[in-house]
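One predicted model, sequence on top.
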Amino acid sequence: MKNNAMNLSKRSAVNFYLYISPWLLCFIVLTVYPMLDSFFLSFTNTQIGSETKLVGLQNFIQAFNVDPQFWLSFRNTILYVAMYVPTSLVLSFFLGWLLSRKVRGLGFFRTVFYLPYITSGVAVTVLWGWIFNGSYGLINFALSLFGVQGPNWLGDKHLALVCIAIMGLWSIGNSIIIMLAGIQDIPTSYFESAQIDGASGLRQVFSITIPLSTPTIYFNLVIGTIVAFQLFNQPYILTQGGPVNSTRTVAMVVFQNAFQYGRMGYASCVAWCLFVVIMVVTLLIQFSSKKWVFYDD
Amino acid sequence: MVKKALIITLVAFSIIAQAGFNKSGSLYAAPSDSKVKLSGSLNIWAWGADAEAQARKDAIEVFIKAHPELKVTYTVIPTADSVWDQKQAAALASGSAGDVMQMSPDYYGMNTKYYLDLNPYVKRDGIDLGKMVTPGMIEKYYDTDGKLEALPLHTNCFVMAYNKDMFAKAGVEPPKDGWTFEDLAKWGKKFASGSGAAQTYALAKHWCMDNYMLYAEGGTPYPKDMKTSNMGSDKIVKALTLYKKLIADGIVPTDTAQKTMPAETLFVSGKAAMYPMGGFESATVVADAAENGINIGFCSMPSDVSGKEINVQYATGWAITKSCKNPEAAWQFLKESSFANDDMGKINARVGIPANRTVAESYFAKLSVGAVKFTNDYYVKHIGKAYMNPFGGTLASTGSIWTTMVQAVTLDNQDPQATVDKYAPQIAKEFAGYSFNDKK
């Protein structure tokens, strides 16, 4: 009897590893190995077309002390994260809450808010490029109807990153859907009790919906932060990092060095710096979550 | 018996000697037989989109038909979204690139360790490249240490197209040979009017414009030996000052004004009086202008203050990788693509000035574009004077800083002298770090 149980347990283990092995293998080959390799590269002067030599911490010294784009790109990226993440959380919660209401045409609205998320990022970016165009753009045309001459949105170093953040907010459909699922998961009995006790709609939002949505907000915060730190497509397509480097992000610096300048070693170094920053920020969010995330159990 | 032993010994020695020769790899370093019978396979990697991709395919097909003894495979990779950049970088680094790779002296491929030096092949076959290749094209394929990285395929430079009606309406004489950007700053204001969608300009801001402005005041970005940069010179400060004026006066649109409105569209819709028309786009521009009823004429590109015409070329060629398994077939392909096969040359002529001198001068130069009185002869005559795209490929990081300098001055209204003072040292550092300078 005992032997049978052992066999069953062994068989389960074998099955487990067999089933998981395709993913595990791909993960090792396509993620773990490149990560380890890029870690090694970050200590070399690897440049496409030249001999590779170990250079110790030279790349990191170059990044911290010499390359002006390194700090500039981190500053831009952090600015973007600071603009995009809180706004996307507030907006996605608000829209998710609205979409959880029982109103006519709910399916239509849910589809409409989700659509930008599944639309090609390049197409959305080009579309926003037209909207923000200083000469022919929709916004400035609308402003001109009121006699206001709009700014050169993407040509102004103080506005370009803001425009890109607004563009990013256009595609928060996924966060909205996750937020909606979280809100709908809150037992209706809580709201019924609150209503009986005379709580207003706003009070219910602040005392029930928001506290019980914190696990979902936490999830969106972590994912949103990681994604925002890796911002690449919009500035690459729309501004190429300009004007005057005001939209050059860390991901762009990594891409540029790796694939345009062929400096794989230095690009790996910058990529690892970004990884460390994302890791630290994520850990901070995780530690802080004990104080503000409430679970229903 | 002794005779037999002697023969066996001699044969054995000759085999050992032969094996030693092969092991040394000297076949790659110094090919010894120009009449090797071709066999085996050949893998070619090219880039391109639309007409260029089609021309590439058609030319390779001509080579395939001419060489049934070879098994040729090829792939044409798009350059959009840096697909080519990423694939070729990974393939070259991992040794899995094609036997023949497309390269460009202004894009990627110069001063690398991945390609065979073609000098020994040229010497072996006794080829006079100066005679075979269209003048002004081969020089750019030599590294600073003399290595010949590739053979040219085709190239393109520019002619200034102008809107005759806009010039007549503004009461301005069309530019004559030797005109300068300084001249443009004087009469260009007459074309600057309106606002928003109705705004008109003297000159559309083609993507090549930043490169042209580099030379506007007689400066050059670096000396020929490329040991350092000249980007801190007064001539660059003057060029930036002039550029700033052209933009501020509405003579040329800002970079962002044209981000979503292509420069060509601006010209063919009658909103810009002039447009630098590259050889690669001449058919489209002329056709679009005709369709919109824009009456166009042509003049030379502007000159610098010393009277030297400023023209910039964007070139493409073929290189043989060091991992190539069939260098003789690859070399044959390079020769035919570049200058030894007129049919391939004529196909190349669809997208630029072919490297095949005979085809360039007797065929391409005589082709007229659309119904306007313009022939490719202009491009053939002017290519010899053209600068190579100054910041392509190996120098891309410097190009990125130059773009920032232009934006600082033209978009952020910064002082040209202060901008040069700030960024020129960064460029000097880039030059100091370029690996090709280690080779000298």
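Thanks, I have the structure now.

What parts of the stretch 51-200 of chain B come near chain A?
Applying CB under 8 Å from any CB of the partner chain, we find that the stretch 51-200 of chain B lies next to chain A at B:82, B:85-86, B:89, B:92-93, B:108, B:111-114, B:195-197, B:199. Backbone N, C-alpha and C define where each C-beta goes, glycine included.

farthest-separated two in these?
Within these, B:113 and B:195 form the most distant pair, 53.3 Å apart (CB to CB).

Can you turn the buried part of the residues of the stretch 51-200 of chain B next to chain A into a ChimeraX selection?
Of those, the buried ones can be selected in ChimeraX as follows, counting by 16 or more other CB atoms under 10 Å in any protein chain shown:
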select /B:85,89,92,93,108,111,112,114,199
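
Of the residues of the stretch 51-200 of chain B next to chain A, which is the nearest to residue A:44?
Using CB to CB, residue B:93 comes nearest to residue A:44 of these, at 12.3 Å.

Could you grab the helix/strand/coil label for that closest one?
Of the three states, residue B:93 takes helix under DSSP: H, G, I helix; E, B strand; the rest coil.

Grab the nearest non-local neighbour of it.
For residue B:93, ignoring the flanking residues on the chain, the nearest one in space by CB to CB, 6 or more residues apart in numbering or on different chains is residue A:48 at 5.8 Å.

How is that neighbour assigned, secondary-structure-wise?
Under three-state DSSP, residue A:48 comes out as coil.

can you tell me which of the residues of the stretch 51-200 of chain B next to chain A lies nearest to chain A?
Distance to chain A across these (CB to the nearest CB) is lowest for residue B:112, with 3.2 Å.

dump the residue contacts of the closest one.
Residue B:112 makes contact with A:48, A:49, A:50, B:92, B:149, according to CB atoms under 8 Å, 6 or more residues apart in numbering or on different chains.

Please tell me which one of the residues you listed counts the most neighbours.
residue B:92 (25 neighbours; other CB atoms under 10 Å in any protein chain shown).

Would you mind listing what in the stretch 101-250 of chain A touches chain B?
Within reach of chain B by CB under 8 Å from any CB, the stretch 101-250 of chain A has these residues: A:126, A:129-130, A:133-137, A:140-141, A:144, A:149, A:152-157, A:238-245.

let's see it at 7 Å
Neighbours of chain B within the stretch 101-250 of chain A, by CB under 7 Å from any CB of the partner chain: A:129-130, A:133-136, A:140-141, A:144, A:152, A:154-155, A:157, A:242-245.

Any of the residues you listed buried? List them.
Buried by 16+ other CB under 10 Å: A:129, A:133-136, A:140, A:152, A:154-155, A:157, A:242-245, out of those.

now, the most widely separated pair of the residues you listed?
The span of those, defined through CB to CB, is set by A:136 and A:245 at 25.1 Å.

okay, who's weakest in the contacts of residue B:112 by pLDDT?
Least confident by pLDDT among the contacts of residue B:112: that is residue A:49, with 65.

what's next to stretch A:186-200, contact-wise?
Contact partners of stretch A:186-200, identified using CB atoms under 7 Å, 6 or more residues apart in numbering or on different chains, comprise A:204, A:207, A:208, A:209, A:212.

swap the cut-off to 10 Å and go again
Contact partners of stretch A:186-200, identified using CB atoms under 10 Å, 6 or more residues apart in numbering or on different chains, comprise A:100, A:201, A:203-209, A:211-213, A:216, A:296.

all helices of the stretch 251-400 of chain B, in order?
For the stretch 251-400 of chain B, applying DSSP state H, counting those that start in this stretch gives helices covering B:263-268, B:282-291, B:327-335, B:342-348, B:357-362, B:377-383, B:396-410.

And those: which comes nearest chain A?
With respect to chain A, and counting by CB to the nearest CB, the nearest of these is helix B:396-410 at 4.5 Å.

Is any residue of that closest one near chain A?
Yes. Contact between helix B:396-410 and chain A, assessed by CB under 10 Å from any CB of the partner chain, occurs at B:396-401, B:403-410.

Wondering if whichever strand or helix holds residue A:25 reaches chain B at all.
Residue A:25 is located in helix A:2-27, with elements delineated by DSSP states H and E. No. Contact of helix A:2-27 with chain B (CB under 10 Å from any CB) is absent, the minimum separation being 17.9 Å.

Let me see the mean pLDDT of that helix.
Across helix A:2-27, the average pLDDT comes to 87.

Now do the buried residues in the helix or strand just after that helix.
The C-terminal neighbour of helix A:2-27 among helices and strands, as given by DSSP H and E, is helix A:33-41. Of the residues in helix A:33-41, A:38, A:41 count as buried by neighbour count, 16+ other CB under 10 Å.

what does the average pLDDT come to for whatever helix or strand comes next after helix A:33-41?
Per DSSP H and E, the first helix or strand lying C-terminal to helix A:33-41 is helix A:58-61. For helix A:58-61, mean pLDDT is 96.

Spit out the contact partners of residue B:312.
By CB under 10 Å, 6+ apart, the residues touching residue B:312 are B:106, B:156-158, B:208-209, B:211-212, B:214-215, B:276, B:278, B:301, B:386-390.

Weed out the non-buried ones from those.
Taking 16+ other CB under 10 Å as the criterion, what is buried in the contacts of residue B:312 is B:106, B:156-158, B:208-209, B:211-212, B:214-215, B:276, B:278, B:301, B:386-390.

measure the residue in the stretch 51-200 of chain A that chain B sits nearest to to residue B:204 for me?
Of the stretch 51-200 of chain A, the residue with the smallest distance to chain B, taken as CB to the nearest CB, is residue A:155 at 3.3 Å. According to CB to CB, to the nearest Å, residue A:155 stands 17 Å off from residue B:204.

Residue A:54 too?
Using CB to CB, residue A:54 is found at 49 Å from residue B:204.

So for these two, which residue has more residues nearby?
residue B:204 (24 against 11).

quick revisit: out of the residues of the stretch 51-200 of chain B next to chain A, which is nearest to residue B:164?
The closest of those to residue B:164 turns out to be residue B:199 (CB to CB; 20.6 Å).

Let me see the contact set for that closest one.
With CB under 10 Å, 6+ apart, residue B:199 has these contacts: A:135, A:136, B:192, B:193, B:250, B:253, B:257, B:266, B:271, B:272.

does the last one really touch residue B:160, like I thought?
No. Counting by CB atoms under 10 Å, residue B:272 sits too far from residue B:160 to count as a contact (11.5 Å).

Residue B:69 against residue B:329, yeah?
Yes. The pair formed by residue B:69 and residue B:329 meets the contact definition of CB under 10 Å, at 9.0 Å.

Overlap in contacts, those two.
B:38, B:39, B:40.

ok, and of those, which contact chain A?
Checked against chain A using CB under 10 Å from any CB, those yield no neighbours at all.

Among the residues you listed, which one is most surrounded by other residues?
Ranking the shared contacts of residue B:69 and residue B:329 using other CB under 10 Å puts residue B:38 first, with 15 neighbours.

Assess the claim that that one and residue B:70 are in contact.
Yes. Assessed by CB under 10 Å, residue B:38 is found in contact with residue B:70 at 5.7 Å.

okay, and the common contacts of these two?
Common neighbours of residue B:38 and residue B:70, counting by CB under 10 Å, 6+ apart, are B:326, B:329, B:332, B:333.

just to revisit the earlier point, looking at residue B:69 and residue B:329, which has the bigger crowd around it?
Higher neighbour count among residue B:69 and residue B:329: residue B:329, with 25 against 10, using other CB under 10 Å.

Is there proximity between the helix or strand harbouring residue B:427 and chain A?
Residue B:427 belongs to helix B:416-433 when assigned by DSSP H and E. Yes. Using CB under 10 Å from any CB, helix B:416-433 reaches chain A at B:419, B:422, B:423, B:426, B:429, B:430, B:433.
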